[in-house]
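>>> I'll drop the sequence and a predicted model, then ask my questions.
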Amino acid sequence: MLRAPLLRVVSGFVVAQLLALGARAQLGVLDQISPTPGAGQNANFAVSNPAQVWQQQVRAGVGGTLTAVELQLTGPASARAHLRVRPAAGWSSAAPVFQTLLHKSASGAQTFVVDLSSANFQVAVGQAFVLELVGDGSLAGVNGSYVSALQGAPQYAEPLFLSGPNCYSSCGWRIGFRTWVKHGDVTEFCFGTHCPCANDASHAGCANSTGNGAKLARSSGSTSVAADDLELALTQAPANVPTLLFMGAQQVRQPFADGVRCAGGVPKRIQVAFADAQGSATFLHAASRAGGLVVAGSTWHFQAWFRDLAGPCHTGFGLSSALQITFAP
């Protein structure tokens, strides 16, 4: 697949920047995903007609600044489409918080990762907004998905609109996209949705034996490697159980035990601590405990494991929500 440059709007002009692997980590955490699947459910939407306005509703799962969106355009090398972000649920006529022109540089499918950070658009967990695409007659298309009612649920939960209210066609169509959200140097993510045994829990990890999801958050300190004073707190875990803080270089989302693992790659164990009678534990000095892996400018994903013999999925342990942390000097 061809990779498009990162697009940034500066003083009304679109500036191309090469997208390195590390740049995506700087964009924040990968939040919402509407896939472009393989044969059988892949779809392509003709967004060329300027009289037709496509709006894909998105519902944020992470709170913070919406920093980027990824779309896959099709058509000739000269194809163009206007992208707008409107800060309300669809069908939306709210004033856009961001807009730019996507201009293909090669024929066929081309992926655009659009930097939205200049808009400083703040989203809360559960907030809906729309990604709007309008063409200019240059034969642009956008890839997405289609699932018929007989096949099951759409590839993404939120509806697609075409030039007005009510979901498009049979309601099984979706534009493909990915979004990123960032909240300073420490971004909370990996909340309890699509949990292994329907033990969902909002604003924390998957529900454990307490009925709540465990949450990992920064309680005090900075992200400075030199200061090494960052303090992370685990709350809403079962009482009086062993817990483990671990980190990974990659962001993933995989069902694991009674929860969802989001700190991916080769795991690095940071610290073991026992939860108190309230199900809370504290982890200290993550930078110095990481064996030299944490350096200024690096981004890591942290999550807590804990024993939970009475957990809802009966695996014996669970996982908290996660943090993406970008470290400073």
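Nice, thanks for sending it over. Predicted model only: the values in this text are computed from it and were never measured. Numbering: from 1, shown residues only.

>>> let me see the confidence value for the spatially closest residue to S148 that is not a sequence neighbour.
Distance criterion Cβ to Cβ, 6 or more residues apart in numbering; nearest residue to S148, sequence neighbours excluded, is G172 at 5.6 Å. For the C-beta atoms, the positions are set from N, CA and C on the backbone; glycine is no exception. Note for G172: predicted pLDDT of 96.

>>> wait, what's in contact with G172?
Shown in contact with G172 (Cβ atoms under 8 Å, 6 or more residues apart in numbering): Y146, V147, S148, A149, Q151, P154.

>>> and with 6 Å instead?
Going by Cβ atoms under 6 Å, 6 or more residues apart in numbering, G172 touches Y146, V147, S148, P154.

>>> G265 too?
Counting by Cβ under 6 Å, 6+ apart, G265 touches G248, A249, Q250.

>>> please repeat the previous calculation with a cut-off of 8 Å.
Residues near G265 by Cβ under 8 Å, 6+ apart: G248, A249, Q250, V252.

>>> hey, what's the first one bridged with?
In this structure, G248 has beta-bridge partners H301, where bridges are defined by DSSP bridges.

>>> surely it touches G264?
Yes: between G248 and G264 there is a contact at 4.8 Å, judged by Cβ atoms under 8 Å.

>>> who's more crowded, those two?
A direct count of neighbours by other Cβ atoms under 10 Å for G248 and G264 places G248 higher, at 19 against 16.

>>> do I have it right that D258 meets R307?
No: applying Cβ under 8 Å, one finds D258 not in contact with R307, separated by 10.6 Å.

>>> any common contacting residues for those two?
Here D258 and R307 share the contacting residues F317, scored by Cβ under 8 Å, 6+ apart.

>>> neighbour-wise, which of these two wins?
Neighbour tally, D258 and R307, criterion other Cβ under 10 Å: the higher count belongs to D258, 25 against 17.

>>> which SSE is L131 in?
Using DSSP states H and E, L131 maps to strand 128-135.

>>> partner strands of that strand, with direction?
Applying DSSP bridges, strand 128-135 is found paired with strand 54-59 (antiparallel), strand 80-86 (antiparallel).

>>> from the rest of the structure, what touches that strand?
So strand 128-135 is contacted by 46-50, 52-60, 66, 69, 71, 79-90, 92, 96, 121, 123, 142, 158, 161, 175, 177 (Cβ under 8 Å, 6+ apart).

>>> can you give me phi and psi for I325?
Backbone torsions of I325, given as degrees, to the nearest 10, read phi -120, psi 130.

>>> which residues does it bridge with?
Here I325 sits in beta bridges with V186, W300, as judged by DSSP bridges.

>>> what distance separates the strand holding L131 from the centre of its chain?
How far strand 128-135 lies from its chain's middle: 18 Å, per Cα atoms, centre = their mean, to the nearest Å.

>>> please apply the same query to stretch 187-205.
So, by Cα atoms, centre = their mean, the centroid of stretch 187-205 is 13 Å from its chain's centroid.

>>> what mean pLDDT does that stretch get?
94.

>>> buried ones in that stretch?
Neighbour-count burial for stretch 187-205, counted by 16 or more other Cβ atoms under 10 Å, picks out T187, E188, F189, C190, F191, G192, C195, P196, N199, A201, A204, G205.

>>> count of residues packed around the nearest residue to the fifth one once chain neighbours are set aside?
Same thing as F191. If the residues on either side of it in the chain are set aside, F191 comes closest to S321, at 5.6 Å by Cβ to Cβ, 6+ apart. Using other Cβ under 10 Å, S321 has 26 neighbouring residues.

>>> now L73: which helix or strand?
Going by DSSP H and E, L73 is in strand 64-74.

>>> list the strands paired with that strand, with their directions.
Here, using DSSP bridges, strand 64-74 pairs with strand 110-115 (antiparallel), strand 122-123 (antiparallel), strand 141-146 (antiparallel), strand 177-182 (antiparallel).

>>> how about the CA coordinates for the last one, as PDB?
Pointing back at strand 177-182 there. Extracted in PDB, the C-alpha atoms of strand 177-182 (Å, rounded to 0.1, in the frame of the first residue of the first chain):
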ATOM      1  CA  PHE A 177     -10.700   5.500   9.100                       C
ATOM      2  CA  ARG A 178      -8.500   5.600  12.200                       C
ATOM      3  CA  THR A 179      -8.200   8.400  14.700                       C
ATOM      4  CA  TRP A 180      -5.500   9.400  17.300                       C
ATOM      5  CA  VAL A 181      -6.000  11.300  20.600                       C
ATOM      6  CA  LYS A 182      -3.400  12.800  22.900                       C
END
